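In: Dropping the sequence and predicted coords here.
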Amino acid sequence: MRIALLTYSTKPRGGVVHTLALAEAMARAGHDVSVWSLGRGGDAAFFRPVDPAVTLRLVPFPDVPGEDVGARILRSIEVLGSAFRNDSYDVVHAQDCISANAVPDCVRTVHHLDTFTTPALAACHERAIVRPRALVCVSAAVATEVATGWGRLATVIPNGVEAARFAAAAGPEGAAGRRAWRDRLGRYVLAVGGIEPRKGTRDLVEAFALVRARRPELSLVIAGGETLFDYRDYRAEVFARAAELGVEPVVLGPVDHAELPTLVAAADVFAFPSTKEGFGLAAMEALAAGVPVVTRDLPVLREVFGGAASFAADPAGMAEALLADVGEECRSAGRALAQGHSWDAAAAAHLSRYETLGAGGVKGTGVPGGRNWSSAPRFVTQ
């Protein structure tokens, strides 16, 4: 099968991680896979090496000084859509809102749902759910949101996780890397995903102030943070509140792909206070390393993590969970959960869904307005 996967960036965001790992697993299964993406800011490669069995097609996307977020997203859609070529793909699968707008007649993965107040961005979000021929969601909770809001039935296929890579970082071969992080940072609570509203960073700062009162030796470390959106005002708010509380977060920014597992494995605890998620891949990687996870109490995270994580509804509850002793039984449950999510299994489920579409197309999905989409088994868009 010839498959095109499309993503919006080369940076280490969750949807991009998903795209590359899925492409590699499909290639291992013997399929001809291409990944299309925008090379933002002159990027000529992804944030990590990609299996050469996967064909990479990066579309130049230079920065435009002074361009606002809405204009940048609309330009992203136009540039990616204009560059994409049929190449006789059997399946075209968009992995995000931007690429689903660029190639609307596609299969699309909905990782999570956003809320936009800008009319142009709200329209893009709407089109990326209504127009694709078929939808995939990485959790049942998100699929339920899609069904409730748009009347569309999505296939649920959970993420995989590179469990062995993070488990190795927690073992003897990762000892030097863990020691290097501890020498640099001391003992720490780790969050991955940057500083932005959806990641719940302000609540984490509030919680950590309570943690430091009882565990002053701990630092708060925040890694990651590549995004299309401008969160400068939110970051300023977070840093101002941190200063009021006497919290000095260590902000690493993007961490090299090869060094991330030992950073995670060296943490005392992993904080995941997101207000909206589709799966929680970064937290699953922490579980693979045997690191306790404290996450916000959301239905989707209850679904994904069950008894392998601790849940909290507010900063006070989060602080208590971050301070709690976690025994080996819970750590083992986390490792077992992570090991049960493989990218090869995710790829097999996707391929099975593609075969179903090829056999009979997408039946009427009842999108708002009563429109039913064609059942013709055609996936390729130019």
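Out: Happy to help now that I have it. Numbering: from 1, shown residues only.

In: what's the domain layout of the chain?
Out: By the assignment in automatic domain parsing, the chain contains the domains 2-160+344-360, 163-339.

In: who does the helix or strand hosting residue 75 touch, helix- and strand-wise?
Out: Assignment of secondary structure by DSSP states H and E places residue 75 within helix 69-83. Judged by 3 or more CB pairs under 8 Å, 6 or more residues apart in numbering; DSSP states H and E, the packing partners of helix 69-83 are strand 32-40, strand 55-61, helix 97-102, helix 119-130. Quick note: C-beta positions are derived from backbone N, CA and C, even for glycine.

In: need those in TSV with distance to residue 277 and mean pLDDT, can you?
Out: What follows is the helices and strands packed on helix 69-83, written out as TSV (distance: least, CB to CB, whole Å; pLDDT from 0 to 100):
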stretch	distance to residue 277	mean pLDDT
strand 32-40	22	96
strand 55-61	27	97
helix 97-102	16	95
helix 119-130	17	90
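
In: just to revisit the earlier point, please convert the domains of the chain to TSV, extending it with mean neighbour count.
Out: Formatted as TSV, the domains of the chain follow (neighbours: other CB atoms under 10 Å):
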stretch	mean neighbour count
domain 2-160+344-360	19
domain 163-339	19
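
In: picking that back up, residues in contact with the helix holding residue 75?
Out: Outside helix 69-83, the residues that touch it by CB atoms under 8 Å, 6 or more residues apart in numbering are 6, 8, 36-38, 59, 61, 64, 67, 98-99, 101-103, 118, 120-121, 124, 228-230.

In: switch the cut-off to 7 Å
Out: 8, 38, 59, 61, 98-99, 101-103, 118, 120-121, 124, 228-230 (CB atoms under 7 Å, 6 or more residues apart in numbering).

In: Same check on stretch 333-347?
Out: With CB under 7 Å, 6+ apart as the test, stretch 333-347 has contacts from 21-22, 25-26, 28-29, 157-161, 163, 167, 284, 287-288, 290, 293, 307-308.

In: taking those one by one, which sit in strands?
Out: Applying DSSP state E to the contacts of stretch 333-347, the entries found in strands are residue 293.

In: what about stretch 340-349, distance to the chain center?
Out: 16 Å (CA atoms, centre = their mean, to the nearest Å).

In: Could I get the full set of helices for the stretch 101-250 of the chain?
Out: Here the stretch 101-250 of the chain has its helices, by DSSP state H, counting those that start in this stretch, at 119-130, 140-150, 163-169, 175-185, 201-214, 232-245.

In: how about low-confidence regions in this protein?
Out: Counting by pLDDT under 70, the chain shows low-confidence ranges at 226-230, 358-382.

In: State which helix of it is the longest.
Out: The helix that spans the most residues within the chain, counting by DSSP state H, is helix 343-360.

In: ok so, going back, now the helices and strands packed on helix 69-83 as TSV including distance to residue 348?
Out: Below are the helices and strands packed on helix 69-83 laid out as TSV (distance: least, CB to CB, whole Å):
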stretch	distance to residue 348
strand 32-40	14
strand 55-61	21
helix 97-102	23
helix 119-130	25
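
In: Residue 183 is nearest to which of those?
Out: Proximity to residue 183 (CB to CB) singles out strand 32-40 among the helices and strands packed on helix 69-83, at 33.6 Å.

In: neighbouring strands for the closest one, and are they parallel or not?
Out: strand 2-6 (parallel), strand 55-61 (parallel) (DSSP bridges).
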